[in-house]
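Give me coordinates for this.
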Amino acid sequence: MQPEPFTLLMTVYGGDREEYVRDAFRSAVDDQTLRPDQVVLVQDGPVPPEIAVALKELAATSPVEVTFVHLEVNRGLGPALDAGLQAARHDIVARMDADDIAMPHRFELQVPLVRQGAELVGAGLLEFGRDTGDVVGRRIPPSDPGDIVRYSRLHDPFNHPTVVYRRSAVIAAGGYGDLPLMEDYWLFVRMIAAGARLVNVAEPLVYYRVGDGAYHRRGGRELLRSELRLQREMLAEGFISRRQYLRNVIVRGGYRLVPTPIRRPFYRMLVAPYGARRNAAKAAEAAQAAAANAAARLPTMAVPDAPAALRDPVASGPDPTMTVPDRPAYRPKHARPDDDVQTGYDIWPAYGAQDPTTADPREG
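A predicted model of the protein is given here:
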């Protein structure tokens, strides 16, 4: 029986760069150890001539089928992705941004998780500048299902450029809709509220391109308006409480208004590493519980009383022929060594992730 096929969904607009589009496409198609069965390429409005030529060449030389969707006017990311979902022939859909780089084993890790029953699968990512050797940050998402839900009430728990999902689950939640700059977060909130089966792979599987204006774009009045609308929608849906709404407006709204030199270190020190911290704590708890369970299963042995002569060494004197060898302390067979605690997680149903602090040898 053939494994379930999947579609790659990628959108391009006039602000993209031709060389980045080529690199992104090839990394997610030609270079993958598990290639998609269909690529849906959405052109969102007019594009420069060099990008139009690149799209035609990529479609003509692609090793897999390409379905081209041309939107006459720029409609924004959410509506463009909804149009692409309508053109997808397969229920499993993988997202890809037009300026990022997918690691070659990305789909080989994520797609089987959806085939096994997950409906929304994210992953970690590495932020890079000039090239993929210039890693400037990392975003490791929370991987424990409870942590994902809790985190979602304050932050987006998935890195959108890394997700693979069930098209049917996305459509059942209402699709992306048109909430500029927040369409992915709003979609994921509705999928979580609907009971979608969630998985986050802690291992980084995408290189996420950040330029000089990356943190500048995370602020400003336009993004603040979308932020406030998102919080109102989440409150109206009952996903957050009134107290959480006020907290989010103060914390997230304030974040959008602070100067970029403050926003950048705040994000890198507090927001981006949250998943890694939570995953490490969960892994340590799991290791302690496993060791305790193993110790509890050890049989209880009755030790008989020693003869009087052995209990009273003064009376009998030491036996010069008897020696006690030095032995290491006993450790249950299946207990983890103290230095072998992974910062991954136990998911779906027993998938472990490597320590995100050593996920890529090229990081400094």
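
Every contact and neighbour count from this point should use C-alpha atoms.
OK.

And stretch 11-20, what's buried?
The neighbour-count check on stretch 11-20 (16 or more other C-alpha atoms under 10 Å) flags 11-14, 17-18, 20 as buried.

quick one: Ala123 is in a strand?
Yes: Ala123: assigned to a strand according to DSSP: H, G, I helix; E, B strand; the rest coil.

and the closest residue to it other than its chain neighbours, how many neighbours?
Of all residues not flanking Ala123 in the chain, Val201 sits nearest, at 4.4 Å (C-alpha to C-alpha, 6 or more residues apart in numbering). Counted with other C-alpha atoms under 10 Å, residues neighbouring Val201 total 29.

coming back round to it: of the buried residues of stretch 11-20, which is the nearest to Tyr245?
Thr11 (32.1 Å; C-alpha to C-alpha).

The closest one is in what secondary structure piece?
Element membership for Thr11 (DSSP states H and E) is strand 6-13.

partner strands of that strand, parallel or antiparallel?
strand 38-44 (parallel), strand 92-96 (parallel) (DSSP bridges).

distance between the ends of stretch 24-38?
Chord length of stretch 24-38, first to last residue, is 16 Å (C-alpha to C-alpha, to the nearest Å).

neighbours around Asp178, how many?
17.

Isn't it up against Gly78?
Yes: using C-alpha atoms under 8 Å, Asp178 is in contact with Gly78, at 5.4 Å.

Which residue ranges of the protein form strands?
Counting by DSSP state E, the chain has strands at residues 6-13, 38-44, 65-71, 92-96, 101-102, 120-128, 135-139, 164-166, 198-209.

Can you flag the weakest of those strands by average pLDDT?
Among the strands of the chain, strand 135-139 has the lowest mean pLDDT, at a mean of 92.

thought the residue nearest to Ala123 was touching Ser143?
Yes: Val201 is in contact with Ser143 according to C-alpha under 8 Å; the separation is 6.5 Å.

and which of the buried residues of stretch 11-20 is nearest Glu65?
Thr11 (15.9 Å).

Give me the distance between the residue lying closest to the closest one once chain neighbours are set aside and Leu109.
Ranked by C-alpha to C-alpha, 6+ apart and with sequence neighbours excluded, the top spatial neighbour of Thr11 is Val42, at 4.5 Å. Distance, Val42 to Leu109, using C-alpha to C-alpha: 25 Å.

which of these two has more neighbours?
Using other C-alpha under 10 Å, the more surrounded residue of Val42 and Leu109 is Val42, with 24 against 16.

who's in contact with the more buried one?
9-12, 68-71, 80-81, 83-84 (C-alpha atoms under 8 Å, 6 or more residues apart in numbering).

which residues pair with it across the strands?
Thr11, Val69.
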